[in-house]
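Colleague: starting from these lines, generate the structure:
(chains A and B)
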Amino acid sequence: MSVIADFAAEVGPSDPVTCVGGRTQWSVGGRPADGVREVSAPSGVVAHEPGEMIVRVRAGTSLADLAEALAVGGQFVTLESETPDQATVGGVLACGQGGVRRLGYGPIRDSVLEVTAIAASGQPIRAGAPLVKNVTGFDLCRLLVGSVGTLGVLAEVVLRCHPQVEAEQWWTSAEGTDPFRLIEDLYRPLAVLWDGRAVWVGLAGRQADVAAQAALLPGFSPVDGPPPVPTGARRSVPPAQLRTLAGGDGFLAEVGVGLVHFAAGDPAVPVAPAASGVVELHRRIKDRFDPTGRLNPGRSPLRAAS
Amino acid sequence: MGALSDELGAALAPDRVRTDPLELALYGRDASMMSGQAGVVCFPLTTEEVAAVVTICGRHQRPFIARGSGTGLAGGATPTGSVPPVIIVTTRMNRILEVDVEQRVAWVEPGVLNLDLSRAVAHLGLHFAPDPSSQQSCSIGGNVANNSGGPHCLLYGVTNAHILALEVVLPDGSVVMLGGLDPEPDGLDLRGAFVGSEGTMGIATRIAVRLTPLPPSVATLLAAFPTMDSAARAVTGVIGAGIVPAALEMMDATIVEVVEAYVHAGLPTDAAAVLLVEVDGLDPGVTVVTGLVADVLREHGATEVRVAADAGERALWWKGRKSAFGAVARIAPNYYLHDCVVPRTRLVDVLDQVGRICADQGLVLGNVFHAGDGNLHPLIVFDRRAPGVLEKVHAAGEAIIEVCVAAGGSLSGEHGIGLEKRDAMALVFTAADLEAQAWLRSAFDPAGLCNPEKVLPRGGSRCADLADIPEGAWI
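Modeller: Presented below is the predicted three-dimensional model:
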């Protein structure tokens, strides 16, 4: 616990702080205000328990280091980054954004079982439990995922692990495949990605299942993995709305999920402003968790779309 | 009470606002062992009516409690406090509003029953994955409040993973939409914070639930074990082999005997423990995994491994599993169903200690639970008319909590904290942890009128003065 206590002391009780991970998603939620003191969460995998399918890991650990430690026990977590050497567990969770396998993996918030965070008072608080199933107390874990460090500074988490799959394979199609039809035909695919013309499909699971599903992909060719994800802007829309992108270009859409990654920084898909009642709830929550506004001033979860 | 009920009657309809003693007594309890005093019982039909009731309660500074089917086991819908609260019953808001097949979403009202939704969309090849044992009678609003689980949540996740958006009447009477059909709505995950808040942060009036494709292939295995230990080790063995089945359930001999007498499914009544393992997915993988699971079960001492011959046999086994709580009435008229979670790898040890606790108190114990995720359900069967038995059940319940917490477990896996385990929260959380939870709640309910006495302990001390608690109450 002394590592947590030391980090709590570093965060301290009063001045404005921002927690820095790998700076891979630094603009999410806005830029921190000038002159804000930077802190970094401790790193290291504390314990991987394959039999419990959980891992306790410090927030400053890189996704690559975590993946390496979990692979020893034949497991993985669903946190993803294009740059896993730099991206940290805490940073990815604070931003709350999933990767291109989200269709199969589910949202990353579902993999967080326990959180230890440093509150604005400088005191560590813990929510959840190191158990795969638990409804004891209010769900501060889900509140903190995606809170971009404005309610507490993530110090350590317990994540749900999954057994490594026997096979993960990717295919791509020539133009003309209807991704919306495809997603109806496939059973629980890992990903169906679409750039307006080409379609990429990821399948994962038992080798026998992957082979059987591949038969539903006539005209597709195997590829090493998903295509590069455009990083200009990211938009979240109801999955059916992705159809309206047909004919356009400069994007990669996660079909069945509703995320669109644009090359341009100012895509035509606007971010809908939050309703006033939702904004008011945010204000009240921030007031209670951080009455002096010292946690990541300048950033807001209401500006997470970048 | 007159002015309040008159206002409520004017806002709804006089026949949907009840104050007669019989009705108040009925709504003074849920499926827990506790009871209290209801002030007024309301049956709204629309979001606007719920908002009107909540607004009127606010004006009168009167606490209110939302209630679905009343199947909660932790007293979450039990009225408490010196001022009898208004009970807002959602059972008449029971329409499935919309089924969107392409996006695999259904909009439902909170009173829709869990199984009714799955039945209504089965012809589309879809279902609502959370499947509590009470699914024939529990409501989806109640599932949202309790973040309910069920056997198949081992693979598919509990309710929170299946709720996309919620229209909520906040405790101040305003209406907001939390979450959305898009995957990452801007802002905090208020939807996620609301699910599992046990009715303390508002009342969900419309719910967008994720519908999950029915698996193309399903295999259900039933394995008999000579000891509880060997069955528990087999559970660890299956997970250790890198297999996450759709469901992995355990029943002990006491439960198997009463269930078999009820469903006549040919369950092995001579076994000390039975595991029910379900594997689903695509046909080739199901075939492979079924073989692997059967091997692991045999390696761990299963004396018999059967695979359900067809959907009919599978349904019969599940009927047995899910009706276990009713079937124990063959032993005694009352039961107390416990719910706690322990690390899977501690199952053997904890089951052993739970058995000893009940034996020491001379109580009949059955075990029927979600072994795959370490979610224990010790079921204590008794006749409450027997002198002194409630005290023994109470003592055993407390001791079971202590054993689970000592093993690194937690208070509840799926039933919630409610009133029953509220004062045990300090066993697993510090004062600072609990304060942070209180911040979240007060952001939603600054006035403190919405199911106010549930989940968080008031003082921080674990046990209230037991002498003050009425008979039948569980604290």
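Colleague: spatially nearest residue to the most centrally placed residue in chain B (excluding sequence neighbours)?
Modeller: With distances taken as Cα atoms, centre = their mean, the residue of chain B nearest its centroid is residue B:415 (3.6 Å). Nearest residue to residue B:415 in three dimensions, chain neighbours excluded: residue B:339, at 4.0 Å (Cβ to Cβ, 6 or more residues apart in numbering or on different chains). Where C-beta positions appear, they are placed from N, C-alpha and C, glycine not excepted.
Colleague: list the contacts for the one you found?
Modeller: B:73, B:74, B:375, B:376, B:377, B:412, B:413, B:414, B:415 (Cβ atoms under 8 Å, 6 or more residues apart in numbering or on different chains).
Colleague: with pLDDT added, can I get the residues you listed in TSV?
Modeller: Formatted as TSV, those follow (pLDDT from 0 to 100):
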residue	pLDDT
B:73	94
B:74	95
B:375	96
B:376	96
B:377	95
B:412	97
B:413	95
B:414	94
B:415	95
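Colleague: how about JSON lines for those residues, with secondary structure added?
Modeller: Below are the contacts of residue B:339 laid out as JSON lines (DSSP: H, G, I helix; E, B strand; the rest coil):
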{"residue": "B:73", "secondary structure": "coil"}
{"residue": "B:74", "secondary structure": "coil"}
{"residue": "B:375", "secondary structure": "strand"}
{"residue": "B:376", "secondary structure": "strand"}
{"residue": "B:377", "secondary structure": "coil"}
{"residue": "B:412", "secondary structure": "coil"}
{"residue": "B:413", "secondary structure": "coil"}
{"residue": "B:414", "secondary structure": "coil"}
{"residue": "B:415", "secondary structure": "coil"}
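Colleague: just the buried ones from these?
Modeller: B:73, B:74, B:375, B:376, B:377, B:412, B:413, B:414, B:415 (16 or more other Cβ atoms under 10 Å in any protein chain shown).
Colleague: just the closest of those to residue B:295, please.
Modeller: Nearest to residue B:295 among those, counting by Cβ to Cβ, is residue B:375 at 25.1 Å.
Colleague: give me the buried positions along the helix ranked longest in chain A.
Modeller: For chain A, the helix with the greatest residue count under DSSP state H is helix A:276-289. Neighbour-count burial for helix A:276-289, counted by 16+ other Cβ under 10 Å, picks out A:277, A:278, A:280, A:281, A:282, A:284, A:285, A:286, A:288, A:289.
Colleague: those residues: which ones sit near chain B?
Modeller: A:277, A:278, A:281, A:282, A:284, A:285, A:288, A:289 (Cβ under 8 Å from any Cβ of the partner chain).
Colleague: which one of these is nearest residue A:153?
Modeller: residue A:289 (11.2 Å).
Colleague: now do the SS call for residue B:204.
Modeller: Under three-state DSSP, residue B:204 comes out as strand.
Colleague: tally of neighbours for it?
Modeller: 32 (other Cβ atoms under 10 Å in any protein chain shown).
Colleague: now do the same contact list for the residue nearest to the centre of chain B.
Modeller: A:135, B:72, B:73, B:74, B:146, B:337, B:339.
Colleague: among these, which pair sits farthest apart?
Modeller: A:135 and B:337, at 14.9 Å, using Cβ to Cβ across those.
Colleague: tell me which of those two has more neighbours.
Modeller: Comparing residue A:135 with residue B:337 by other Cβ under 10 Å, the one with more neighbours is residue A:135, at 30 against 21.
Colleague: tell me the residues on the stretch 301-450 of chain B that lie near chain A, please.
Modeller: Going by Cβ under 8 Å from any Cβ, the residues of the stretch 301-450 of chain B near chain A are B:341-345, B:370, B:373-375, B:408-417, B:421, B:425, B:428-430, B:432-437, B:439-444, B:446.
Colleague: repeat that for the stretch 51-200 of chain B.
Modeller: Counting by Cβ under 8 Å from any Cβ, the stretch 51-200 of chain B sits next to chain A at B:100, B:102-103, B:146-147, B:149, B:153, B:157-158, B:160-161, B:170, B:174-178, B:180-190, B:192-193, B:195-197.
Colleague: list the buried residues of the helix or strand bottoming out on mean pLDDT in chain B.
Modeller: Least confident element among the helices and strands of chain B, by mean pLDDT, DSSP states H and E: helix B:324-327 (a mean of 88). Within helix B:324-327, the residues that count as buried by 16+ other Cβ under 10 Å are B:324, B:325, B:327.
Colleague: so where do the strands sit in the stretch 51-200 of chain A?
Modeller: Taking DSSP state E, counting those that start in this stretch as the test, the strands found in the stretch 51-200 of chain A are A:54-58, A:75-76, A:112-118, A:124-128, A:153-160, A:162-163, A:167-172, A:191-194, A:199-205.
Colleague: check the stretch 101-250 of chain B too.
Modeller: Going by DSSP E, counting those that start in this stretch, the stretch 101-250 of chain B shows strands at B:105-108, B:126-127, B:163-169, B:175-179, B:203-210, B:212-213, B:217-225, B:247-252.
Colleague: neighbouring contacts of the fourth one?
Modeller: Residues outside strand B:175-179 that contact it (Cβ under 8 Å, 6+ apart): A:275, A:277-278, A:281, B:47, B:51, B:163-170, B:185, B:189-192, B:194, B:205, B:208.
Colleague: if you set the cut-off to 6 Å instead, what comes out?
Modeller: Strand B:175-179 has contacts (Cβ atoms under 6 Å, 6 or more residues apart in numbering or on different chains) with A:277, A:278, B:51, B:164, B:165, B:166, B:167, B:168, B:169, B:190, B:191, B:194.
Colleague: and the stretch 51-200 of chain A, which residues reach chain B?
Modeller: A:51-52, A:74, A:109-110, A:123, A:125-126, A:129, A:131-139, A:142-143, A:146-147, A:163, A:187 (Cβ under 6 Å from any Cβ of the partner chain).
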